[in-house]
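S.K.: Model the structure of this input:
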Amino acid sequence: MANIQSLDPSASPLDYYGWELRRQREAHGLKQHQLGEIIFCTGSLIGQIETTKKIPTRDFSERVDAALGTDGVFSRLMGLVLRSQLPTWFQPYADMEARAAYISTFQAQLVYGLLQTEGYARALVGVDHPNRVDEMTAARLDRQRVLGRENPPTLWIVLSEAALLQEVGGRDVMHEQLARLLAFRNDPWVQIQVLPFTVGQHTAMMGSFNLLRFDDDPDLFYVESYDQSHMTANPSVIKERSVGYARLQATALSPEDSATLIARVMEERYGDQS
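M.R.: As a prediction, this is how the structure comes out:
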């Protein structure tokens, strides 16, 4: 069992969180089980979080802040803790995504991370990271907080029909995921278009990509492969991909027709077939 002396608070945001939690708890003269009783959890959970064996949640952090009077310290740390659980090569994009005013994305196979359900995200993470499903899923879902802020980014998604048909996590998970997409039909900041197979060849045959626009910074183009990513503000790349994206939007089904297709696939392919 790690102790406070063996934890290096500079090693990572998670190490700092655990180190600071133990420091604050001991400063208040509380044992792990005593703090657990105050915030309605077990002393074992406190110990696991203090020794970085378990990732804290935002709810846990809010209760700790209230119990120890730490003025939101642990709640503010949560963003850094969860961001650190994302793949290292993806973190720079996540930072820019959180700041973007306008996000345009073409997704060739999967639902975009900002719209994924927990079940869908867990199924994807579990393929390559079966031992880190909880923390990596929590980090992915935490990115979605940008959609709930007072001034959310405009999100425009062109989704290949393949993403609707590729079964991820089983039929129930897919039914829930497609229902989640339909829940954005009346959202003024989110537009979803489906690019049907019938369009044939198109300008994004090379794969998924994202375009980020900012209020005060240059636009960014982002693309990723299996374990690395590429992000650039090169004006010629931005121009070429922006034109390509406009062509995708013009070729794809309208948001209304896309919703109709999503609903049909949800019921015919993943609905109750009893």
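S.K.: Output stretch 25-41 as PDB, restricted to C-alpha atoms.
M.R.: The C-alpha trace of stretch 25-41 is given here as PDB (Å, rounded to 0.1, in the frame of the first residue of the first chain):
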ATOM      1  CA  ARG A  25      -7.800  14.500   5.200                       C
ATOM      2  CA  GLU A  26      -5.000  14.200   7.700                       C
ATOM      3  CA  ALA A  27      -4.900  17.900   8.200                       C
ATOM      4  CA  HIS A  28      -8.600  17.600   9.400                       C
ATOM      5  CA  GLY A  29      -7.700  14.800  11.700                       C
ATOM      6  CA  LEU A  30      -9.800  12.200   9.800                       C
ATOM      7  CA  LYS A  31      -9.100   8.600   9.100                       C
ATOM      8  CA  GLN A  32     -10.100   7.100   5.800                       C
ATOM      9  CA  HIS A  33     -13.300   5.500   7.100                       C
ATOM     10  CA  GLN A  34     -14.300   8.600   8.900                       C
ATOM     11  CA  LEU A  35     -14.100  10.700   5.800                       C
ATOM     12  CA  GLY A  36     -15.900   7.900   4.000                       C
ATOM     13  CA  GLU A  37     -18.800   8.100   6.500                       C
ATOM     14  CA  ILE A  38     -19.000  11.900   5.900                       C
ATOM     15  CA  ILE A  39     -19.200  11.700   2.100                       C
ATOM     16  CA  PHE A  40     -21.200   8.400   2.000                       C
ATOM     17  CA  CYS A  41     -18.600   6.000   0.600                       C
END
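S.K.: from the middle of its chain, how far away would that stretch be?
M.R.: Chain-centre distance of stretch 25-41: 31 Å, with Cα atoms, centre = their mean, to the nearest Å.
S.K.: who touches it?
M.R.: The contact list for stretch 25-41 (Cβ atoms under 8 Å, 6 or more residues apart in numbering) reads 4, 42-47, 50, 60, 63-64, 66-68. For glycine as for every other residue, the C-beta is placed from the backbone atoms N, C-alpha and C.
S.K.: List buried residues within those residues.
M.R.: When the contacts of stretch 25-41 are checked for burial by 16 or more other Cβ atoms under 10 Å, the buried set is 4, 45-47, 50, 60, 63-64, 67-68.
S.K.: Show me which of these is closest to Gly18.
M.R.: For those, the closest approach to Gly18 (Cβ to Cβ) belongs to Glu50, at 4.6 Å.
S.K.: most distant residue from the middle of this protein?
M.R.: Distance from the C-alpha centroid of the chain, by Cα atoms, centre = their mean, peaks at Gly29 (37.3 Å).
S.K.: Spell out for me which residue occupies the centre of this structure.
M.R.: The structure's the chain has its C-alpha centroid closest to Arg140; by Cα atoms, centre = their mean the separation is 2.8 Å.
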